[in-house]
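Trainee: Return a 3D structure for these sequence lines:
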Amino acid sequence: MTSTDTSDRSTEPTPDPAERNAFFPSPYSLGQYVPPRTDFDGVDHPNGYTGGRWKVLVIGVDERYLPMQNGRLFSTGNHPVETLLPMMHLHETGFGIDVATVSGNPVKFEHWAMPADDKAVDEAYDTFAPQFRDPLALADVVEGLGPDSDYLAVFVPGGHGAMIGLAGSDHVRTVLDWTLTDDRFVISLCHGPAALVAAGRDRERSPFEGYRVCVFPDDLDTGANLDIGYIPGPMPWLAATRLREQGVVVTNEDMAGHVLRDRRLLTGDSPLAANGLGRIAASTLLEHVQEHDRR
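Mentor: Okay, the predicted model is just below:
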């Protein structure tokens, strides 16, 4: 939460003129949730990896509108801070970045959540904008996966848009299965871990059963986010609840920047965790590569 004075701002969600019955978050909620700057202050290991092979596959959101239970649409997408800060840490450490969406259509962003005065974030967005505009199609990526793939990790950013399509995607499930089979890493935060639901869909048990994760708290999506107009209606489903139903252990009840690693799954709870998750992810991948090279 920020300290911005929002006492005179409306808690009514703001209509999105591009779509009928669609809404952005209310002015009050944006004043609460969107600070002008992030806590990004550089990376721990600039150019720490120079091998040139290993990359991170970023799976972005390609649909903007999340249908709510009351018939309204939430104009959402990937949260820019949750997307860019981990990418900045990984990229500046030396890992390559590929961006994909399920359809191959452009990545959708919650541009209303872009910090107003953060040069590093603005520059990062400009750096990756060509890939956001013209991402790979996940079906094409899946065809190239195997033990010799150059992807060391898969990163699923947050934003409420991650609740649209990823959990029901066969291709997302294939990618997650591959990470487990070939010992790769999965990085995600906020609503991004909703994608893990794909791994357990139409199966007796999820392969992530028993894994511990941080995820955006359901209590906020059923409480404060409705009260302050951040979302325009009740959510169609709840990420933490669905993960628990599949046997995944959700460890956080609040949104405080929690970050957690369980085996090769690294997760964070919200935008507050974006910088910390990026640091841990970059250090974890770098350490893994260095240990691999010493063998």
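Trainee: which residues are in contact with stretch 281-291?
Mentor: With contact meaning C-beta atoms under 8 Å, 6 or more residues apart in numbering, stretch 281-291 is reached by 43-45, 48-49, 51, 54, 56, 86, 89-90, 92-95, 152-153, 155, 185, 187, 261, 266. C-betas here are computed from N, CA, C, even on glycine.
Trainee: Of those residues, which count as buried by neighbour count?
Mentor: By neighbour count, with 16 or more other C-beta atoms under 10 Å, the contacts of stretch 281-291 hold 43, 45, 48-49, 54, 56, 86, 89-90, 92-95, 152-153, 155, 185, 187, 261, 266 as buried.
Trainee: Just these: which are in strands?
Mentor: 56, 152-153, 155, 185, 187, 261, 266 (DSSP state E).
Trainee: Mind picking the two most distant members of those?
Mentor: Farthest pair in these (C-beta to C-beta) is 56 and 261. Separation: 15.8 Å.
Trainee: And what about the closest residue to residue 133 other than its chain neighbours, helix, strand or coil?
Mentor: Spatially, and ignoring its direct neighbours in sequence, residue 133 is nearest to residue 106 (5.1 Å; C-beta to C-beta, 6 or more residues apart in numbering). Look at residue 106: counting by DSSP: H, G, I helix; E, B strand; the rest coil, its state is coil.
Trainee: mind checking how far residue 106 is from residue 115?
Mentor: Using C-beta to C-beta, to the nearest Å, residue 106 is found at 21 Å from residue 115.
Trainee: got it, and residue 79?
Mentor: Going from residue 79 to residue 115 by C-beta to C-beta gives 11 Å.
Trainee: higher neighbour count, the two?
Mentor: Taking neighbours as other C-beta atoms under 10 Å, residue 79 and residue 115 compare with residue 79 leading, 30 against 19.
Trainee: Backbone dihedrals for the nearest residue to that one once chain neighbours are set aside, please?
Mentor: In this structure, residue 79 finds its nearest non-sequential neighbour in residue 159, 3.7 Å apart by C-beta to C-beta, 6+ apart. Per-residue torsions, residue 159: phi 100, psi 150 (degrees, to the nearest 10).
Trainee: In contact with residue 159, which residues are there?
Mentor: Each residue near residue 159 by C-beta under 8 Å, 6+ apart is listed here: 61, 76-79, 82-83, 109-110, 113, 190-192.
Trainee: Filter those residues down to just the ones in strands.
Mentor: Using DSSP E, none of the contacts of residue 159 sit in strands.
Trainee: Can you select the buried ones from those residues in PyMOL?
Mentor: Restricted to buried positions by 16+ other C-beta under 10 Å, the PyMOL selection for the contacts of residue 159 reads:
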select buried, resi 61+76+77+78+79+82+83+109+110+113+190+191+192
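Trainee: Which member of the contacts of residue 159 is positioned nearest residue 138?
Mentor: Nearest to residue 138 among the contacts of residue 159, counting by C-beta to C-beta, is residue 61 at 11.8 Å.
Trainee: My read is that that closest one contacts residue 164, right?
Mentor: Yes - at 6.4 Å, residue 61 and residue 164 qualify as touching, with contact defined as C-beta atoms under 8 Å.
Trainee: what do those two both touch?
Mentor: Common neighbours of residue 61 and residue 164, using C-beta under 8 Å, 6+ apart, are residue 76.
Trainee: Okay, and the nearest residue to residue 242 once chain neighbours are set aside sits in which element?
Mentor: Nearest non-adjacent residue to residue 242, counting by C-beta to C-beta, 6+ apart: residue 197, 5.2 Å away. Here residue 197 sits within helix 197-200, counting by DSSP states H and E.
Trainee: so what secondary structure elements neighbour that helix?
Mentor: Applying 3 or more C-beta pairs under 8 Å, 6 or more residues apart in numbering; DSSP states H and E, we find helix 197-200 packed against helix 170-181, helix 239-245.
Trainee: Tabulate those in CSV, adding columns for distance to residue 233 and mean neighbour count.
Mentor: What follows is the helices and strands packed on helix 197-200, written out as CSV (distance: least, C-beta to C-beta, whole Å; neighbours: other C-beta atoms under 10 Å):
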stretch, distance to residue 233, mean neighbour count
helix 170-181, 26, 19
helix 239-245, 16, 19
